[in-house]
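A.B. asks: Take a look and give me a structure for this.
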Amino acid sequence: MTLKQKWAKAQKGERKTNEPVDFHDGEERFGHAYGLYFKYTKVNQNLKGKRIIEIGCSNYPALHYCHNYGTSYIIEPLVSTHLLKYLQHSSIALYPCAAEDVNFPVVDEVWLFNVLQHTMNPDLIIAKSKAAADIIRFFEPIEYGTDGMHLHDFTMEYFTKHFGKCATYYPANQEIERFHAHQSAYGIYNHEIL
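C.D. replies: Below you'll find the model as predicted:
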């Protein structure tokens, strides 16, 4: 099986996992998780005209929980009715394909929230993100293992290699309801500061 075939199979598994969620329950659950992502990556929900690329939002985009964004983009190969509901009344453009296949437009920031383990080529996505924006906000699981839906297993060193000292360790935490119970790496990469 080729990597693209494995990825396509993983996408189908991911869709089955996310599809049974009631729209309003999912909106509440993801809103809670994004609130924590925003806390750790210091996202001000008033984006003040910033242009954003959000990669791999599944059914519920982080941009939905923000306002006052400039021309922004979502890259999501698993387009659902939930996602289309959000986008029908917004100015956010959708790329309904793998991020590896997109020529990223120039923006102010790229957001990578729990997506890289689901991609074919995370190194390429990080390189494209760095070429498109000076700022990359990320929160990604580490030492999670691989399975039918998670094609990559990352270490803290992986994120330090790509993002330098801004990569911060998040310990496994079973106590925060509806959020990462496993270790993660997070941070704000700023090309201008490095």
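
A.B. asks: Kindly confirm my reading that Arg137 forms part of a strand.
C.D. replies: Yes: Arg137 sits within a strand when classified using DSSP: H, G, I helix; E, B strand; the rest coil.

A.B. asks: Report the beta-bridge partner residues of it.
C.D. replies: Trp111, Ile188 (DSSP bridges).

A.B. asks: who's in contact with it?
C.D. replies: Counting by C-beta atoms under 8 Å, 6 or more residues apart in numbering, Arg137 touches 41-43, 109-113, 187-189. No exception for glycine: its C-beta is placed from N, CA and C like everyone else's.

A.B. asks: how does it look with 6 Å?
C.D. replies: With contact taken as C-beta atoms under 6 Å, 6 or more residues apart in numbering, Arg137 is in contact with 41, 111, 188.

A.B. asks: Then Asp25?
C.D. replies: Neighbours of Asp25 in contact, by C-beta under 6 Å, 6+ apart: none.

A.B. asks: now do the one 5 residues further on
C.D. replies: The neighbours of Phe30, taking C-beta under 6 Å, 6+ apart as the test, are Tyr60.

A.B. asks: ok, now Ser184?
C.D. replies: So Ser184 contacts 139, 141-142, 170 (C-beta under 6 Å, 6+ apart).

A.B. asks: Let's have these in CSV, adding distance to Phe154.
C.D. replies: Shown next, in CSV, are the contacts of Ser184 (distance: C-beta to C-beta, whole Å):
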residue, distance to Phe154
Phe139, 12
Pro141, 7
Ile142, 5
Tyr170, 12
